[in-house]
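# sequence? don't have it. structure:
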């Protein structure tokens, strides 16, 4: 009886996935994260953790401060990306597209990783850069007391929590694989 129920549940889950497109949508998200991550040399698992923290992987998300899409891209970040990469400035509608949203996100995270590559652990700096902006992180770097990890020092509680949550998710994902 137990096997029958398990098989039956699996069958209905498979039908639900097929008819709702959940499996297809997840595949699209993973493909967009993998493609952008590969292009910018950012681990797609880290991008996935950022997407989970930013929007719970909702491509249609809109933030209170005007952030757009799954990776919560700010229009000014998109404009900066366009100028630096010689691309047209994406419209708001284009920022909701997975491919555009993940491309800009991976590029921006790479900017933070490159800027703080000389640090022992550049990930917390890059994630704070992504969340709070480069100028804030550049200021914070000069203020970290000796012997304190940057992630523990971040003066904005929301950014500190953001960085720690993403790093914890990322480490769980990479430990499981």
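Perfect, thanks for sending it. Not measured: the values here are computed from a predicted model.
# residues near residue 60, how many?
9 (other CB atoms under 10 Å). Placement of C-beta: from N, CA and C, glycine included.
# From residue 161, how far off is it?
24 Å (CB to CB, to the nearest Å).
# in the sheet, who's paired with residue 68?
Per DSSP bridges, the residues bridged to residue 68 are residue 62, residue 73.
# centroid residue for the chain?
residue 50 (2.6 Å; CA atoms, centre = their mean).
# Leaving out sequence neighbours, find the closest residue to that residue.
residue 166 (5.9 Å; CB to CB, 6 or more residues apart in numbering).
# And for residue 132?
residue 159 (4.6 Å).
# State whether that neighbour and residue 133 are indeed in contact, as I suppose.
No: Residue 159 sits out of contact with residue 133 when judged by CB atoms under 8 Å, with a separation of 9.6 Å.
# Neighbour count for those two, which is higher?
For residue 159 and residue 133, the more surrounded residue by other CB under 10 Å is residue 159, and the numbers stand at 22 against 15.
# Does that one belong to a helix, a strand or coil?
Assigned by DSSP: H, G, I helix; E, B strand; the rest coil, the conformation of residue 159 is helix.
# circling back: which residues touch the residue nearest to residue 50?
Residues in contact with residue 166 (CB atoms under 8 Å, 6 or more residues apart in numbering) are 46, 49, 50, 53, 127.
# Same check on residue 163?
Taking CB under 8 Å, 6+ apart, one finds 124, 127, 128, 131, 151, 154 in contact with residue 163.
# one more time with 10 Å
53, 123-132, 150-152, 154, 156 (CB atoms under 10 Å, 6 or more residues apart in numbering).
# tally of neighbours for residue 164?
If we define neighbours as other CB under 10 Å, then residue 164 has 15 of them.
# Which strand or helix spans it?
Here residue 164 sits within helix 157-176, counting by DSSP states H and E.
# In this protein, where is pLDDT below threshold?
Applying pLDDT under 70 to the chain flags the ranges 1-25, 176-177.
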